[in-house]
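In: Please work out how this folds:
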Amino acid sequence: MNMDIEILDDVLESLLFVSGDSLKVSDICELLEVQKSEVNAAVKRLQKRFGGKSGIHLISFNGQLQLASNPDYADIIGCVLNPIKEKALSTPAMETLSIIAYRQPVTRLDVEHIRGVNCDYALQALLKNNLIEIVGRKDTIGKPLLFGTTDAFLKRFAIEDVKDLPDRDSLLDKIKEIEETSPEPEAETLYNFADKDGETPEFLQGEDIAMIEADDAEAAATEDPIEQ
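Out: Residues are numbered from 1 along each chain as shown. Reported below is the predicted structural model:
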């Protein structure tokens, strides 16, 4: 498709509106047969149009574009569209998220070395909120799961790329902007994977829990503590 550059801004606006989700810049360039520099220039013009007090903002993250609501109006929008507020992240979950963001890919045991407490419930909360995901397994005893942040994390905290993470205190301030409700309970023991109902955490469904607990215990006894 040969795109008339004069209408690229309007076409891009229409694409993002109809999509309702993020679109990759590379896909837009390929399908519209335009240069990345031309799309980037259009993005800058649209960000001026959809910026400031505008109800719609054009956000860019990890090579993707999306139309989003102005965060300044989040409370009002939430009152109208989401009267039952989404459960917020607890302090343990926020601390866990910041560790994963800066140490990724990282195992649960690595996070617990740093925090000094069990992180099962915090990990479950972050997975349910699509802020972290399982990105692989570490090549060590028991092949523990590795966790990393998601594109949803970048969008939620207005970060272009993980390479552009602010200093840790600034990130924590951003994370704490999420309204806090009742805190997630912390487990009392380091290797107790079962929740209060005796069920296995979702991120460990299908795993050999007894083997993982034994491997984690062995790893904890042999590995050097991670530097704080």
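
In: For the chain, give me the ranges with low pLDDT.
Out: The chain contains residues with pLDDT under 70 at 1-3, 80-88, 166-228.

In: residue ranges of the strands in it, please?
Out: Counting by DSSP state E, the segments of the chain that form strands are 23-24, 56-61, 64-69, 106-107, 132-137, 145-149.

In: who wins for proximity to Asp164 among those strands?
Out: With C-beta to C-beta, the closest approach to Asp164 among the strands of the chain belongs to strand 56-61: 9.7 Å. Bear in mind the C-beta positions are built from the backbone N, C-alpha and C, glycine included.

In: what angle do the closest one and strand 64-69 make?
Out: For strand 56-61 against strand 64-69, the angle by axes from the mean of the first three to the mean of the last three C-alpha atoms, to 10 degrees is 150 degrees.

In: Run through the neighbouring helices and strands of strand 56-61.
Out: Of the remaining helices and strands, those touching strand 56-61 by 3 or more C-beta pairs under 8 Å, 6 or more residues apart in numbering; DSSP states H and E are helix 36-49, strand 64-69, helix 151-156.

In: Using CSV, write out every CA atom in the longest one.
Out: Coordinates of each C-alpha in helix 36-49 appear next as CSV, following Å, rounded to 0.1, in the frame of the first residue of the first chain:
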residue,chain,number,x,y,z
LYS,A,36,10.1,4.4,10.5
SER,A,37,11.3,8.0,10.6
GLU,A,38,8.0,9.1,8.9
VAL,A,39,5.9,7.2,11.5
ASN,A,40,8.0,8.7,14.3
ALA,A,41,7.4,12.2,13.0
ALA,A,42,3.7,11.5,12.8
VAL,A,43,3.8,10.2,16.4
LYS,A,44,5.4,13.4,17.6
ARG,A,45,2.7,15.5,15.9
LEU,A,46,-0.1,13.3,17.3
GLN,A,47,1.4,13.5,20.8
LYS,A,48,1.2,17.3,20.5
ARG,A,49,-2.4,17.0,19.5
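
In: contacts for that helix?
Out: 5, 8-9, 12-13, 25-26, 28-29, 32, 57-58, 60, 65 (C-beta atoms under 8 Å, 6 or more residues apart in numbering).

In: Now with 7 Å, please.
Out: 5, 8-9, 12-13, 25, 28-29, 58, 60, 65 (C-beta atoms under 7 Å, 6 or more residues apart in numbering).

In: which of these sit farthest apart?
Out: Those two in those that are separated most widely, counting by C-beta to C-beta, are Ile5 and Ser60, at 19.6 Å.

In: Who has more neighbours out of these two?
Out: Ser60 (19 against 13; other C-beta atoms under 10 Å).

In: wait, what's in contact with that one?
Out: 43, 160.

In: Start the count at 54 instead of 1 going forward.
Out: With the count now opening at 54, the last piece we talked about shows up as Ser113.

In: quick one on the thing from earlier: got TSV for the strands of the chain, with distance to Arg168 too?
Out: Shown next, in TSV, are the strands of the chain (distance: least, C-beta to C-beta, whole Å):
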stretch	distance to Arg168
strand 76-77	35
strand 109-114	27
strand 117-122	31
strand 159-160	11
strand 185-190	15
strand 198-202	13
